[in-house]
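A.B. asks: Next input, structure requested:
(one chain, ligands or ions: 1)
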Amino acid sequence: MKTTRRLAAVTALAMLAACATQAPTHAPDKDYGHAWVAHSSDYAALTRQVYAVATRDLERFVADKSWTAIPGQAGAENLPPAVILDVDETVINNVDFQLGFERPFTDRKLEMWDREHVAKPVPGVIEFIKAAKAAGVAVFYLTNRPCEKYEDEAAACPQKQTVIDGIRELGLDVEPEFVSLSYERPEWTKEKLIRRQAIGENYRVIMLFGDDFADFVQCARSSFHPPCTEPATRASRAADVLTYEHYWGNGWYILPGPMHGSWTSVR
Ligand SMILES: [Mg+2]
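C.D. replies: Numbering: from 1, shown residues only. Below you'll find the predicted structure:
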């Protein structure tokens, strides 16, 4: 009896330890990241702060034709100015989906939820985008939502229209050529560098916006695609924070991303 009880206690301890080290399969009661985005005024104040700073920077970066927010972009002096924004948690606030979806995440769950719900803005983004357009700046939306053909639907990439609809639901005008999804073209992987550079061929990119480190820094993911040759690590990303130190809040504007993102998978 004693042995059985001790065995039960050891098993319970082992299970507790396992719980502590495994990623949760559903949103736990005390998930501060999700609760913070959903309920704190701090979140809304912070996103408004980011977009207010960027709005103040618009005039300066439009005027300075030598400025670009893409490291290494050359010969852009006479190109028209543009900004690049990520979509999820940068333009569209998906916290209601994040709080409620049945784990694990799939892109299709977000797609289906999005079709049935009116998009909510990240606080401050609408005002910024209107200011950018008023200043003659092109606005590009670059998301890693993937193009995927569903067997039961005719469109090759139904997700693109869903993203466009979401942006329009915020009251923003957008045309399809200003929206790119991953795998919309074979070379458009989840390494956003490729698409940033493609935009940089025709525009002087004055600002980048995202809620993920990889919306700014190349080769910052644990899963990597060409031209990246190895997985990013916590150490490599920490070094890159300093490598690109002068861009933060100065051409690069990062929003908080406590609910999900490439930070959760690097080791
Ligand atoms: Mg995002």
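A.B. asks: Surely Ala119 is within a strand?
C.D. replies: No. Applying DSSP: H, G, I helix; E, B strand; the rest coil, one finds Ala119 to be coil, outside a strand.
A.B. asks: which SSE is Gln197 in?
C.D. replies: If you go by DSSP states H and E, Gln197 is part of helix 193-200.
A.B. asks: where does this protein dip in pLDDT?
C.D. replies: Across the chain, the ranges flagged by pLDDT under 70 are 1-30.
A.B. asks: how about 90 then?
C.D. replies: Residue ranges of the chain with pLDDT under 90: 1-31.
A.B. asks: and it, which residues reach the ion?
C.D. replies: 86, 88-89, 211 (C-beta under 5 Å from the ion). To be clear about C-beta, it is placed using only N, CA and C from the backbone, and glycine gets the same treatment.
A.B. asks: Can you tell me which of the residues you listed lies closest to Met259?
C.D. replies: Nearest to Met259 among the residues of the chain next to the ion, counting by C-beta to C-beta, is Glu89 at 7.1 Å.
A.B. asks: wait, doesn't that closest one sit right on Asp215?
C.D. replies: No. Using C-beta atoms under 8 Å, Glu89 makes no contact with Asp215, being 10.0 Å away.
A.B. asks: Looking at the two, which is more packed in?
C.D. replies: Taking neighbours as other C-beta atoms under 10 Å, Glu89 and Asp215 compare with Asp215 leading, 26 against 23.
A.B. asks: give me the residue from the stretch 151-267 of the chain nearest the ion.
C.D. replies: Residue of the stretch 151-267 of the chain nearest the ion, by C-beta to the ion: Asp211 (4.4 Å).
A.B. asks: hey, where'd the strands end up in the stretch 151-267 of the chain?
C.D. replies: For the stretch 151-267 of the chain, strands defined by DSSP state E, counting those that start in this stretch occupy the ranges 179-182, 204-210, 252-254.
A.B. asks: What are the buried residues along stretch 131-138?
C.D. replies: Buried residues in stretch 131-138, defined by neighbour count with 16 or more other C-beta atoms under 10 Å: 131-132, 135, 137-138.
A.B. asks: Report the contact partners of Tyr203.
C.D. replies: 76, 79-82, 138, 140 (C-beta atoms under 8 Å, 6 or more residues apart in numbering).
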